[in-house]
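A.B. asks: mind folding the following:
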Amino acid sequence: MTGLVVVGPGFLLVQDNARPHVARVCRQFLDDEGIDYIDWPSRSPDLNPIENLSDVVYRRIRRRQVAPQTVQELTDALVQVWEEIPQDTIHCLIRSMPRRCWECMQAYGDHTHY
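C.D. replies: Next up, the predicted model:
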């Protein structure tokens with residue numbers, strides 16, 4: 001089933017060290033819900049190509065002549081922009097993964113140009 005998220009025994013949340021994720025209220029929620037999570041090192045390289053797609057979506061939303069004014073308008077704009085992303089963009093990101101991993105290994109986990 002697409003979009004199904006299962007949180008239960010053995011589930012382990014992996015998240016980056018972004019400020020919203022390490023905020024006291026966020027950690028308290030995870031603790032209250034009994035969700036185990038990994039403390040990810042700060043400034044670790046992000047090899048997830050979805051971050052690049054998120055950036056594409058963000059830039060396209062910002063370029064719109066009329067900015068979304070309501071949650072529904074934003075939802076509609078996000079769906080439209082997502083559907084307009086060329087498949088070649090997605091394929092290029094997927095094909096870049098071996099190169100990204102190689103650069104990360106060469107940098108011993110430090111920053112790369114990605």
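A.B. asks: tell me how far W82 lies from Y58.
C.D. replies: 11 Å (CB to CB, to the nearest Å). Every residue, glycine included, has its C-beta placed from N, CA and C.
A.B. asks: burial measure for the nearest residue to S96 once chain neighbours are set aside, as a count.
C.D. replies: Distances taken as CB to CB, 6 or more residues apart in numbering put P49 closest to S96, at 6.9 Å, once the chain neighbours are dropped. By the criterion of other CB atoms under 10 Å, P49 has 17 neighbours.
A.B. asks: thought P49 was touching R99?
C.D. replies: No - look at P49 against R99 with CB atoms under 8 Å: they stay out of range, at 11.4 Å.
A.B. asks: where in the protein is pLDDT low?
C.D. replies: 1-8, 17, 40-46, 109-111, 113-114 (pLDDT under 70).
A.B. asks: domains in it, as residue ranges please.
C.D. replies: Per the record, the chain has its domains at 1-44, 50-106, by automatic domain parsing.
A.B. asks: give me the buried positions along the helix or strand I94 falls within.
C.D. replies: Secondary-structure assignment from DSSP states H and E places I94 in helix 87-95. Using 16 or more other CB atoms under 10 Å as the test for burial, helix 87-95 gives L93.
A.B. asks: for it, output the C-alpha coordinates as CSV.
C.D. replies: Only the C-alpha atoms of helix 87-95 are listed here, as CSV (Å, rounded to 0.1, in the frame of the first residue of the first chain):
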residue,chain,number,x,y,z
GLN,A,87,11.0,12.2,-15.2
ASP,A,88,14.5,12.8,-16.6
THR,A,89,15.2,15.0,-13.6
ILE,A,90,14.3,12.2,-11.3
HIS,A,91,16.3,9.7,-13.3
CYS,A,92,19.4,12.0,-13.3
LEU,A,93,19.2,12.1,-9.5
ILE,A,94,19.0,8.4,-9.3
ARG,A,95,21.9,7.9,-11.6
